[in-house]
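**Student:** based on what follows, work out the 3D shape:
(one chain, ligands or ions: 2)
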Amino acid sequence: MDVSVVIPVYNEAQNIILLYDRLQRVLALLPHSYEIIFINDGSRDQSEQLLDQLYHQDPEHVRIVHFNGNFGQHMAIMAGFEQSIGQTVITLDADLQNPPEEIPALLEEMAKGHDIVEGVRQGRQDNAFRRYASRINNWIRAKTTGIRLQDQGSMLRAYDRRVVDLMLMSKEQSTFIPALAYSYASSPGFVAVKHAQRHSGYSKYSLARLLRLHFDLMAGFSSAPLQWVTFTGMSVSILSFLFFIYMVIRRLVIGPEADGLFTLFAIQFLLLGLLLFSVGIVGEYVGRIYLEVRKRPRFVIKKVLSKR
Ligand code: UDP
Ligand code: MG
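**Tutor:** Ligands and ions are numbered 1, 2, ... in the order given. Predicted structure coming up:
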């Protein structure tokens, strides 16, 4: 098998058929054997029936994995990787934001000897909040994890079999696939790709889910936030100590003082905020350790439809 296309699906009933048609048209023209793997991540709309229908219509190329519930986009992709046997594995979103017509460009770049190829979205079609948040996140990630992705949120990517197998050996409970792949790649490449509006339906990422995803990226690939906490704590201690010395001397030289009550409040609130934030960061890591030690399966498969 040359190419596997892996697609996570969560309530995408309005997009599946059109996506399959466009994919089919692109892949049939390539001189490669291919498979299309859909992972139904616990959809509650008609996605399940539609995917079953697609499988019966084209069992040569289509494979379906139905999850038992919603385990998240990145776990769905992992399950797709498990099923895949292609020498090159392509991921893309089910909502047609990633045009299937860009797949040949990714494969061409892979043929130059890269082991991962990133599709860098040009003219990104998301709202301003998402675009700016991404820019900030890209910057923080590059500074803390040393992972050099050009467009971390782009899921239109190609991976070599070796990298996919290494990802499958990584058994963490939550992960961020593009960053994981980057950490195993020896020759990352990239191509510019188009980006479209979501064809139908709405984004599955609420603000809370986006935050969780970014913590997966930060906490999963770096312990730098813990060092920031330590560093901030050290700096505050040193400043407080100097302040303390100053107050003692002032008390001896000038005498007692009682002004500046609200300044004290302000400083107090700032420190309290920093403290809570720091406890939260530590909690993020502790929570992840807890998920790992429970050793529960990271996703549960209800049914696999595959001719193999
Ligand atoms: N997705 C998924 N499980 C989830 C959330 C999303 O499988 O819990 C899929 C979704 O169906 C889509 C892709 O992941 O194919 C990207 O999701 P979405 O388009 O909602 O994210 P956005 O483009 O807004 O970042
Ligand atoms: Mg989308």
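**Student:** what is the neighbour count of residue 173?
**Tutor:** Residue 173: 19 surrounding residues under other C-beta atoms under 10 Å. Using the backbone N, CA and C atoms, a C-beta is placed for each residue, glycine as well.
**Student:** any idea of the mean pLDDT in stretch 275-290?
**Tutor:** Stretch 275-290 shows a mean pLDDT of 93.
**Student:** contact partners of that stretch?
**Tutor:** With contacts defined as C-beta atoms under 8 Å, 6 or more residues apart in numbering, stretch 275-290 is touched by 173, 174, 215, 219, 220, 223, 225, 226, 228, 229, 232, 233.
**Student:** can you pull the contacts of residue 47?
**Tutor:** 9, 10, 11, 12, 13, 16, 40.
**Student:** kindly apply the preceding question to residue 162 instead.
**Tutor:** 115, 184.
**Student:** identify the farthest-apart pair in the contacts of residue 47.
**Tutor:** 10 and 16 (11.4 Å; C-beta to C-beta).
**Student:** nearest to residue 143 among the contacts of residue 47?
**Tutor:** residue 10 (31.2 Å).
**Student:** three-state assignment of the residue lying closest to residue 71 once chain neighbours are set aside?
**Tutor:** Counting by C-beta to C-beta, 6 or more residues apart in numbering, residue 71 lies nearest to residue 299, which is 4.1 Å off, once chain neighbours are set aside. Three-state call for residue 299 (DSSP: H, G, I helix; E, B strand; the rest coil): coil.
**Student:** surely residue 299 is in contact with residue 65?
**Tutor:** No - counting by C-beta atoms under 8 Å, residue 299 stays clear of residue 65, with 9.2 Å between them.
**Student:** more neighbours: which of these two?
**Tutor:** residue 65 (25 against 22).
**Student:** a strand runs through the more buried one, doesn't it?
**Tutor:** Yes - checked against three-state DSSP, residue 65 lies within a strand.
**Student:** which pLDDT value goes with it?
**Tutor:** 98.
**Student:** contacting residues around the closest residue in space to it that isn't next to it in sequence?
**Tutor:** Sequence neighbours aside, residue 39 is the residue nearest to residue 65 in space, at 4.6 Å (criterion: C-beta to C-beta, 6+ apart). Residues near residue 39 by C-beta under 8 Å, 6+ apart: 6, 7, 8, 9, 64, 65, 67, 76, 77, 79, 80.
**Student:** could you redo the last one with a cut-off of 10 Å?
**Tutor:** Neighbouring residues of residue 39 by C-beta atoms under 10 Å, 6 or more residues apart in numbering: 6-10, 51, 63-67, 71, 73, 75-83, 94, 299, 301, 304.
**Student:** where's it, which helix or strand?
**Tutor:** Element membership of residue 39 [criterion: DSSP states H and E] is strand 34-40.
**Student:** relative to that strand, what are the paired strands and their orientations?
**Tutor:** Take DSSP bridges as the rule and strand 34-40 pairs in its sheet with strand 3-9 (parallel), strand 62-67 (parallel).
**Student:** near ligand 1, anything from that strand?
**Tutor:** No - Strand 34-40 is not in contact with ligand 1 by C-beta under 6 Å from any ligand atom; minimum separation 6.8 Å.
**Student:** got the end-to-end distance for stretch 93-107?
**Tutor:** 17 Å (C-alpha to C-alpha, to the nearest Å).
**Student:** is that stretch anywhere near ligand 1?
**Tutor:** Yes - with C-beta under 6 Å from any ligand atom as the criterion, ligand 1 is reached by stretch 93-107 at 93, 94, 95, 97.
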